[in-house]
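**Q** Fold the following.
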Amino acid sequence: MPNPKALPTAAQATPAKLAVWADQAGTPYLVQQQPDGSTTFTPLETALAQAQTPTTSERVTTYREPLNTLLLGVAVVLGFVLGGYLLGFFAGAAGQRVVLVPRSPLCDTQRSSFLFWSSETKECN
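**A** Numbers count the residues shown, from 1 in each chain. Predicted coordinates for the structure are as follows:
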């Protein structure tokens with residue numbers, strides 16, 4: 001396995017010389033002169049199709065920055081609150097009333113006494 005920190009060799013550092021030529025029929029070819037002195041002729045359509053294929057894959061991550069997550073959470077909570085107010089507004093506009101009336105608990109008080117001792121118990125429903 002080659003060392004990734006090593007400098008490229010001289011053969012890797014020199015790029016292949018490229019040119020585009022056409023034959024007698026007008027078909028274009030990509031001409032590459034290799035570092036070893038050989039020449040290769042590739043039809044231009046084939047060379048372009050090979051060049052368009054992605055050579056690197058992108059890494060997809062689902063990590064979100066903390067600030068973005070916080071802002072998204074605040075927006076969701078604010079949306080729920082405003083949605084509740086909007087629902088109450090439309091219910092009032094339709095003639096219906098949304099009223100919360102607190103009810104006092106019903107309590108039953110029992111008193112008992114015996115000589116000098118007295119007690120009182122409350123049972124609330």
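**Q** Against which helices or strands is the top helix by length along the chain packed?
**A** Once the chain is assigned using DSSP state H, the helix that runs over the most residues is helix 66-93. On a contact count with 3 or more C-beta pairs under 8 Å, 6 or more residues apart in numbering; DSSP states H and E, helix 66-93 meets no helix or strand. Just so you know, the C-beta spots here come from the backbone N, C-alpha and C atoms, and that holds for glycine as well.
**Q** so how many other residues sit close to Asp23?
**A** For Asp23, the neighbour count with other C-beta atoms under 10 Å is 9.
**Q** And it, how far from Cys107?
**A** 105 Å (C-beta to C-beta, to the nearest Å).
**Q** I'd like the next helix or strand past the lowest-mean-pLDDT helix or strand in the chain.
**A** Least confident helix or strand, the chain: helix 10-13 with a mean of 47, by mean pLDDT, DSSP states H and E. Counting by DSSP states H and E, the next helix or strand C-terminal to helix 10-13 is strand 17-22.
**Q** Can you point out the buried residues in that next one?
**A** Buried positions in strand 17-22, judged by neighbour count with 16 or more other C-beta atoms under 10 Å: none.
**Q** Can you list the helices and strands that it packs against?
**A** Against strand 17-22 (3+ C-beta pairs under 8 Å, 6+ apart) you get strand 28-33.
**Q** and the strand it packs on, which strands flank it?
**A** strand 17-22 (antiparallel), strand 39-43 (antiparallel) (DSSP bridges).
**Q** Tabulate the CA atom coordinates of it in CSV.
**A** Extracted in CSV, the C-alpha atoms of strand 28-33 (Å, rounded to 0.1, in the frame of the first residue of the first chain):
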residue,chain,number,x,y,z
PRO,A,28,-13.0,12.8,-33.5
TYR,A,29,-10.5,10.9,-31.4
LEU,A,30,-8.8,11.8,-28.1
VAL,A,31,-5.0,11.3,-28.5
GLN,A,32,-3.0,10.6,-25.3
GLN,A,33,0.7,10.4,-25.2
